[in-house]
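Asks: Any chance you could fold what I've pasted below:
(one chain, ligands or ions: 1)
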Amino acid sequence: MKGKVIGDILVLKNEPNNLDELLKLPEVNRIVKLGRISGSKREPDVKILVGDNTETIHRENHCFFKLDVAKIMWSKGNTTERKRIAELVEDGEIIVDMFAGIGYFSIPIAVHSNPQKIYSIEINPISYCYLKENIVLNKVEGIINPLFGDCRKLAPKGIADRVLMGYIGNTHEYLDVAMEIVKPGGIIHYHESVPDKLKFERPPQRIIEAANGRDVEILNKRIIKKYSPGVYHVVIDALIE
Ligand code: SAM
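Replies: All right, here's what the predicted structure looks like:
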């Protein structure tokens, strides 16, 4: 059985023939099959097998994440990274989360660390609504400032001790913006999906190019998870002077 438990919902890729057995799993009250993503809106084909809706609250690392499993992604493979980032933050930091989603990184940082402010930018209206709900749910209204729209346009410039680029896709096209956001001596956490052979070479190269003459110190390179056959999701921590 291929699946994962998000909140109280077991999310499966295929329809099982042992629903009663699956309902005995700890914490599982509902079961949903999420099929292929298709159509111009790239929405998954959803079939609710047990229950009557697909919204839940997932708990991780003492944080609450409300989301609709049929509309919003939840990657178990990013759990360690969400925890690691929250532990790195020092007191009083200003953080810009360029691709905030429902608060995957912003919420754990606000709950477990003591930053001065986190600007959390999200372009998808559904994710943005959950981001705002999660800020309230986790009682971090005074710390996180949610911004709805494109980080290229909305991000405050020249002020960040730390910039989070937790997005896989054309992330490198936003490195120029990240360089404008980060202040001298600040850190960028840059995510990329990279073929195995290039995994620790291409991302640092792209950071150095985007820095355009500013000094760059690569502090850490780590694999987050396997993304697809022969391709890894990696994160690079880079100090920018
Ligand atoms: N790192 C996350 C985790 O721990 O599971 C997952 C990444 S999250 C899906 C990335 C988010 O970036 C999405 O919600 C997407 O809507 C948002 N996004 C993409 N382009 C954006 C842009 N230009 N400005 C702001 N947000 C953007």
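
Asks: Domain ranges for the protein, per the record?
Replies: 3-74, 77-240 (automatic domain parsing).

Asks: Select from those domains the stretch with the lowest mean pLDDT.
Replies: Note on the domains of the chain: domain 3-74 shows the lowest mean pLDDT, a mean of 91.

Asks: and it, how far from the chain's centre?
Replies: 18 Å (Cα atoms, centre = their mean, to the nearest Å).

Asks: Check whether that domain comes into contact with the ligand.
Replies: Yes. Interface with the ligand: domain 3-74 contributes Met73 (Cβ under 6 Å from any ligand atom). Where you see a C-beta, it was placed from the backbone N, CA and C, and this is true even at glycine.

Asks: what's the neighbour count on Glu141?
Replies: Residue crowding around Glu141 was assessed by other Cβ atoms under 10 Å; the count is 12.

Asks: Would you mind listing what in the chain touches the ligand?
Replies: 73, 75, 78, 82, 99, 101, 104, 121-124, 127, 150-152, 166-167.

Asks: Filter those residues down to the buried ones, ChimeraX style.
Replies: Selecting only the buried entries of these in ChimeraX, with 16 or more other Cβ atoms under 10 Å as the criterion:
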select :78,82,99,101,104,121,122,123,124,127,151,166,167
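
Asks: all strands for this structure, in order.
Replies: Along the chain, the segments classed as strands by DSSP state E run 3-6, 9-12, 30-38, 43-50, 55-60, 63-68, 94-97, 117-122, 144-148, 160-165, 182-195, 216-228, 231-240.

Asks: Direction included, what does the first one pair against?
Replies: Strands adjacent to strand 3-6 in the sheet, as given by DSSP bridges, are strand 9-12 (antiparallel).

Asks: ditto for the longest one
Replies: Partners of strand 182-195 in the sheet, by DSSP bridges, are strand 160-165 (parallel), strand 231-240 (antiparallel).

Asks: what sits up against the shortest one?
Replies: What that stands for is strand 160-165. Residues from elsewhere that reach strand 160-165 (Cβ atoms under 8 Å, 6 or more residues apart in numbering): 85, 88-90, 93-99, 105-106, 119, 171, 174-175, 178, 181-183, 185-191.
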